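[1] Show me the folded form of this:
(one chain, ligands or ions: 1)
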Amino acid sequence: MPRQRRLRKVVSPPKFKGYKPYGAREQKSPQEEELLYEEYEALKLADYDLMNHAEAATLMGVSRATFARIYESARRKLARAFVETKEIRMAYGNAEMDQDWYICNNCYARFTIPEQVPNDRCPLCNAENIVSVKS
Ligand SMILES: [Zn+2]
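    Residues are numbered from 1 along each chain as shown. Below is the predicted model of the structure:
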(Lines give C-alpha, C1' and ligand atoms only; values in the text may rest on other atoms or scores of the structure.)
Protein backbone atom coordinates (compact mmCIF):
# COMPACT_ATOMS: atom_id res chain seq x y z
CA MET A 1 0.00 0.00 0.00
CA PRO A 2 1.30 3.47 -0.79
CA ARG A 3 2.13 5.50 2.25
CA GLN A 4 -0.57 8.03 2.93
CA ARG A 5 0.19 11.61 3.73
CA ARG A 6 -1.13 12.28 7.20
CA LEU A 7 -3.52 15.18 7.27
CA ARG A 8 -4.37 17.25 10.31
CA LYS A 9 -7.83 18.68 10.59
CA VAL A 10 -7.98 22.43 10.81
CA VAL A 11 -11.40 23.93 11.34
CA SER A 12 -10.63 27.26 9.73
CA PRO A 13 -7.44 28.87 8.50
CA PRO A 14 -5.86 31.75 10.41
CA LYS A 15 -7.26 35.20 9.58
CA PHE A 16 -3.91 36.54 8.45
CA LYS A 17 -1.01 35.62 6.23
CA GLY A 18 1.64 36.47 8.77
CA TYR A 19 2.97 38.75 11.48
CA LYS A 20 5.67 41.37 11.45
CA PRO A 21 7.48 42.76 14.46
CA TYR A 22 7.14 46.53 14.76
CA GLY A 23 9.47 48.98 16.36
CA ALA A 24 12.40 46.82 15.31
CA ARG A 25 15.21 48.16 13.20
CA GLU A 26 14.42 47.56 9.53
CA GLN A 27 16.27 44.52 8.27
CA LYS A 28 17.49 44.35 4.69
CA SER A 29 16.32 40.78 4.28
CA PRO A 30 13.91 40.01 7.10
CA GLN A 31 14.05 36.49 8.44
CA GLU A 32 10.93 34.41 8.68
CA GLU A 33 9.53 31.57 10.71
CA GLU A 34 7.09 29.49 8.76
CA LEU A 35 4.16 28.55 10.98
CA LEU A 36 2.06 25.72 9.55
CA TYR A 37 -1.72 25.83 9.74
CA GLU A 38 -1.77 22.71 11.89
CA GLU A 39 0.67 24.39 14.28
CA TYR A 40 -1.58 27.43 14.47
CA GLU A 41 -4.54 25.14 15.14
CA ALA A 42 -2.67 23.23 17.87
CA LEU A 43 -1.76 26.50 19.62
CA LYS A 44 -5.30 27.77 19.31
CA LEU A 45 -6.85 24.60 20.73
CA ALA A 46 -4.41 24.28 23.63
CA ASP A 47 -3.66 27.89 24.59
CA TYR A 48 -6.69 29.82 23.37
CA ASP A 49 -9.57 27.33 23.65
CA LEU A 50 -7.78 25.80 26.69
CA MET A 51 -8.44 22.22 25.65
CA ASN A 52 -6.37 19.43 27.10
CA HIS A 53 -4.06 17.65 24.67
CA ALA A 54 -6.21 14.52 24.45
CA GLU A 55 -9.27 16.51 23.35
CA ALA A 56 -7.27 18.64 20.96
CA ALA A 57 -5.60 15.58 19.41
CA THR A 58 -8.99 13.97 18.82
CA LEU A 59 -10.31 17.12 17.20
CA MET A 60 -7.33 17.28 14.85
CA GLY A 61 -7.49 13.57 14.06
CA VAL A 62 -3.98 12.81 15.32
CA SER A 63 -2.48 10.83 18.20
CA ARG A 64 -1.65 12.57 21.44
CA ALA A 65 2.05 12.17 20.72
CA THR A 66 1.68 13.76 17.29
CA PHE A 67 -0.35 16.59 18.77
CA ALA A 68 2.32 17.22 21.39
CA ARG A 69 4.97 17.35 18.65
CA ILE A 70 2.98 19.83 16.52
CA TYR A 71 2.22 21.99 19.57
CA GLU A 72 5.85 22.00 20.71
CA SER A 73 7.02 22.92 17.22
CA ALA A 74 4.54 25.83 17.11
CA ARG A 75 5.73 27.18 20.46
CA ARG A 76 9.38 26.95 19.50
CA LYS A 77 8.76 28.80 16.24
CA LEU A 78 6.86 31.59 18.02
CA ALA A 79 9.59 31.87 20.64
CA ARG A 80 12.28 32.07 17.93
CA ALA A 81 10.27 34.69 16.05
CA PHE A 82 9.93 36.85 19.18
CA VAL A 83 13.46 36.48 20.44
CA GLU A 84 15.18 36.73 17.07
CA THR A 85 12.84 39.45 15.70
CA LYS A 86 11.60 37.33 12.82
CA GLU A 87 8.46 37.66 10.78
CA ILE A 88 5.94 34.85 10.96
CA ARG A 89 4.53 33.56 7.72
CA MET A 90 1.58 31.17 7.65
CA ALA A 91 1.99 28.07 5.49
CA TYR A 92 -0.45 25.40 4.52
CA GLY A 93 1.55 22.36 5.70
CA ASN A 94 -0.43 19.15 6.08
CA ALA A 95 -3.69 20.77 7.05
CA GLU A 96 -7.01 19.41 5.94
CA MET A 97 -9.68 22.09 5.88
CA ASP A 98 -13.24 21.40 6.90
CA GLN A 99 -14.27 23.45 3.87
CA ASP A 100 -12.60 24.99 0.84
CA TRP A 101 -11.40 28.34 2.08
CA TYR A 102 -10.41 31.27 -0.08
CA ILE A 103 -8.63 34.49 0.71
CA CYS A 104 -9.14 37.77 -1.13
CA ASN A 105 -5.78 39.28 -2.06
CA ASN A 106 -7.36 42.72 -2.13
CA CYS A 107 -9.11 43.02 1.26
CA TYR A 108 -7.78 39.78 2.88
CA ALA A 109 -11.28 38.55 3.67
CA ARG A 110 -11.61 34.78 4.12
CA PHE A 111 -14.61 32.91 2.83
CA THR A 112 -15.89 29.65 1.48
CA ILE A 113 -17.62 29.47 -1.86
CA PRO A 114 -20.66 27.20 -2.01
CA GLU A 115 -20.45 24.91 -5.04
CA GLN A 116 -23.89 25.92 -6.26
CA VAL A 117 -22.81 29.52 -6.81
CA PRO A 118 -19.69 29.38 -8.92
CA ASN A 119 -18.28 32.83 -8.50
CA ASP A 120 -14.68 33.86 -8.58
CA ARG A 121 -15.10 37.25 -6.99
CA CYS A 122 -14.64 38.35 -3.40
CA PRO A 123 -18.09 38.58 -1.77
CA LEU A 124 -16.96 41.63 0.21
CA CYS A 125 -15.02 43.89 -2.13
CA ASN A 126 -15.92 42.20 -5.44
CA ALA A 127 -12.26 41.86 -6.45
CA GLU A 128 -11.38 39.01 -8.81
CA ASN A 129 -8.08 38.44 -7.05
CA ILE A 130 -9.02 35.54 -4.78
CA VAL A 131 -6.91 32.47 -4.03
CA SER A 132 -7.50 29.12 -2.41
CA VAL A 133 -5.71 28.91 0.94
CA LYS A 134 -4.14 25.66 -0.28
CA SER A 135 -2.20 27.37 -3.01
ZN1 LIG B 1 -12.03 41.30 -1.08
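[2] Okay, buried residues for the longest helix along the chain please.
    Identified as the longest helix of the chain according to DSSP state H is helix 64-83. Buried residues in helix 64-83, counted by 16 or more other CB atoms under 10 Å: 66, 67, 68, 70, 71, 73, 74, 77, 78, 81. (Each C-beta comes from the backbone N, C-alpha and C, glycine too.)
[3] What is the neighbour count of residue 103?
    Neighbours of residue 103 under the rule other CB atoms under 10 Å: 21.
[4] dump the residue contacts of it.
    13, 17, 109, 110, 130, 131, 133 (CB atoms under 8 Å, 6 or more residues apart in numbering).
[5] list the helices and strands the host helix or strand of residue 58 packs on?
    Using DSSP states H and E, residue 58 sits in helix 53-60. The elements that helix 53-60 packs onto, with contact taken as 3 or more CB pairs under 8 Å, 6 or more residues apart in numbering; DSSP states H and E, are strand 8-10, helix 37-43, helix 64-83.
[6] strands paired with the shortest one, and their directions?
    Partner strands and pairing direction for strand 8-10 (DSSP bridges) are strand 95-97 (parallel).
[7] follow-up on the earlier one: show me which of the contacts of residue 103 neighbour the ion.
    residue 109 (CB under 5 Å from the ion).
[8] Write out the residues of the protein neighbouring the ion.
    So far as CB under 5 Å from the ion goes, the chain lies against the ion at 104, 106, 107, 109, 122, 124, 125, 127.
[9] ok, back up a step: let's see which of the contacts of residue 103 end up in strands.
    Judged by DSSP state E, strands contain the following of these: 110, 130, 131.
[10] Would you mind stating the distance between the spatially closest residue to the first one that is not a sequence neighbour and residue 59?
    Meaning residue 110. Of all residues not flanking residue 110 in the chain, residue 103 sits nearest, at 5.4 Å (CB to CB, 6 or more residues apart in numbering). Residue 103 sits 23 Å away from residue 59, going by CB to CB, to the nearest Å.
[11] Geometric centre of this structure: which residue is closest?
    residue 37 (2.7 Å; CA atoms, centre = their mean).
[12] what about it, distance to residue 128?
    Where residue 128 is concerned, residue 37 sits at a distance of 25 Å (CB to CB).
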